[in-house]
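> how would this look folded up:
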Amino acid sequence: MEFEVEIMSGAGNIFSVIDNRERKYPPNLIRKYSNQICTKSYPQNKTEGILLIEPSDEPKQDFSVKFFNPDGSFGMMCGNGGRCAVAFALEKGLFQPKNEPIKFDVWGQEYSAEIIGTEIKIIFPPPKLIIENKKIETETQHFLGDLIDVGSPHFIVNFDIISKGTNTNFSNYPITELGRLIRYHKDFLPDGTNVDIFKIHNDQIFLRTYERGVEAETGACGTGAIATAVSVFLKNPNRNSFEIIPTSKEKLKVVILHDDKKIKEIDLIGGFKFLGKYKIYIDD
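Numbers count the residues shown, from 1 in each chain. You can find the predicted model right below:
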């Protein structure tokens with residue numbers, strides 16, 4: 001079977017993007033071959049997810065996107081993927097540039113977006129879930145963090161707390177080991193959670209994310225950036241605009257709109273890149 005795939009980067013988050021305007025690829029087919037698509041579609045590295053771009057069934061929406069992780073899991077929002085999807089849909093003519101917000105669907109949830117120069121802003125609703133100071137215990141360790149779901153769940157850990165008494169620096173901290181411990185913890189069964197560690201330096205939030213479904217650290221994570229900004233905001237509500245520096249070093253901006261500390265809207269802003277087009281072949 002042949003797939004035409006375009007590779008895009010959203011702040012260093014790398015995606016395989018498939019044009020499905022003609023409904024050539026059923027979602028179950030993409031799910032079945034998701035790992036092979038992510039592995040084969042980008043010669044430089046394995047991609048971190050698949051964006052299946054389609055027309056929307058809702059007349060007031062501009063397009064629809066279905067996001068799949070490399071392991072075939074689906075149903076969640078992907079912030080950087082959403083931004084790439086908007087850029088791709090515009091490039092392919094699914095909608096025309098306009099002065100009003102772009103509307104699109106992600107697995108039954110409507111989102112809005114705006115194009116701001118060379119960047120794209122995705123507008124998120126308030127978090128679905130916030131549990132502050134949640135304690136996770138394993139046989140040998142315990143971790144304290146915030147569990148925040150902004151369309152995808154994240155367990156947020158402050159690096160200054162978990163690194164206390166060690167000589168480990170932020171960039172070398174074994175996040176894969178930590179991520180697996182927490183991602184598969186009984187408290188998060190059956191679906192698991194993404195895991196983020198952050199450090200604040202010179203008013204910037206440095207962020208590393210272990211993503212479930214990828215089962216590794218990724219170059220960036222949009223929902224991780226949002227969840228981490230919310231975690232910091234909850235401790236310091238006088239600040240509502242955050243510059244996030246992910247592993248890729250391609251910065252993201254998160255703005256939290258609130259009314260007396262009650263979150264009303266969250267904006268994720270960042271750049272995108274088209275990295276190339278490829279044809280891949282998978283034995284059916």
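> from the chain's centroid, how far away is stretch 3-11?
From the chain centre to the centre of stretch 3-11 is a distance of 15 Å (C-alpha atoms, centre = their mean, to the nearest Å).
> what does stretch 216-228 give?
That offset, for stretch 216-228, works out to 5 Å (C-alpha atoms, centre = their mean).
> and what of stretch 190-200?
12 Å.
> pull out the buried residues from that stretch.
192-199 (16 or more other C-beta atoms under 10 Å). For glycine as for every other residue, the C-beta is placed from the backbone atoms N, C-alpha and C.
> specify the beta-bridge partners of the closest residue to residue 125 other than its chain neighbours.
Nearest in space to residue 125, with sequence neighbours left out and distances taken as C-beta to C-beta, 6 or more residues apart in numbering, is residue 265 at 7.0 Å. Counting by DSSP bridges, residue 265 is bridged to residue 257.
> isn't residue 265 up against residue 257?
Yes: Residue 265 lies in contact with residue 257 (C-beta atoms under 8 Å); the separation is 4.3 Å.
> can you report how many residues neighbour the closest residue to residue 248 other than its chain neighbours?
Distances taken as C-beta to C-beta, 6+ apart place residue 12 nearest to residue 248, at 2.3 Å, with adjacent residues excluded. By other C-beta atoms under 10 Å, 21 other residues sit near residue 12.
> dihedrals phi and psi, residue 12?
Dihedral angles of residue 12 (phi, psi; degrees, to the nearest 10) stand at phi 90, psi 0.
> residues contacting it?
219-220, 246-250 (C-beta atoms under 8 Å, 6 or more residues apart in numbering).
> kindly state the pLDDT recorded for residue 106?
According to the prediction, residue 106 has pLDDT 98.
> off-centre distance for stretch 6-14?
On C-alpha atoms, centre = their mean, the centre of stretch 6-14 falls 11 Å from that of its chain.
> can you check the distance spanned by that stretch, start to finish?
Stretch 6-14 has an end-to-end distance of 11 Å (C-alpha to C-alpha, to the nearest Å).
> next one: stretch 153-170
So stretch 153-170: terminal residues 22 Å apart, C-alpha to C-alpha.
> tell me the buried residues in it?
Neighbour-count burial for stretch 153-170 flags 153-159, 162-163, 170 (criterion: 16+ other C-beta under 10 Å).
> sweet, I'm off.
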